[in-house]
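Novice: Sequence first, predicted model second:
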Amino acid sequence: MAFERSVKEIATLALSPGLQHLHAYYFSATELDRKPHLLQDVNPSYPQRVTHAQAVVVQLRLLISASGRVDHAIVESLAVPMAFAEAAIDAFSDARFAPGLREQQAVPSQMRLELRYTP
């Protein structure tokens with residue numbers, strides 16, 4: 001599906017006043033010429049005081065600004081223990097990315113990650 005709005009128009013749309021740091025649209029990987037990528041290693045820690053006998057997989061969607069900062073991290077996994085969801089969000093909230101590019105411009109983008117925690 002083609003998108004008819006210009007990159008600049010989409011990237012500058014504003015959301016509600018309480019979410020002014022978020023953009024109205026984050027480009028998906030298929031809409032980008034270059035996907036965002038990490039500029040530093042991120043090592044999520046295993047949650048403290050958790051006695052979970054099985055591996056836990058957390059699917060995380062990151063909303064990344066045109067400057068490469070994480071605007072929002074969303075856990076998309078169902079039935080993930082809260083401690084693991086919080087550990088995943090904490091690990092990536094301060095991560096820095098080379099932003100996604102579209103038409104040679106840095107744009108807000110989204111990225112999906114899968115984190116596997118093993119006991």
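Specialist: Perfect, thanks for sending it.

Novice: name the helices or strands packed onto whichever helix or strand residue 83 is part of?
Specialist: Secondary structure assignment for residue 83, by DSSP states H and E: helix 82-93. Judged by 3 or more Cβ pairs under 8 Å, 6 or more residues apart in numbering; DSSP states H and E, helix 82-93 is in contact with strand 56-64, strand 70-75, strand 109-117. To be clear about C-beta, it is placed using only N, CA and C from the backbone, and glycine gets the same treatment.

Novice: for stretch 107-119, the distance to its chain's centre please.
Specialist: Distance of stretch 107-119 from the chain centroid (Cα atoms, centre = their mean, to the nearest Å) equals 7 Å.

Novice: Kindly report the same for stretch 93-101.
Specialist: That offset, for stretch 93-101, works out to 8 Å (Cα atoms, centre = their mean).

Novice: Name the surrounding residues that touch that stretch.
Specialist: 27, 29, 32-40, 42, 62, 64-70, 73, 106-109, 111 (Cβ atoms under 8 Å, 6 or more residues apart in numbering).

Novice: Please repeat the previous calculation with a cut-off of 6 Å.
Specialist: 27, 32-40, 42, 64, 66, 68, 70, 73, 106-107, 109 (Cβ atoms under 6 Å, 6 or more residues apart in numbering).
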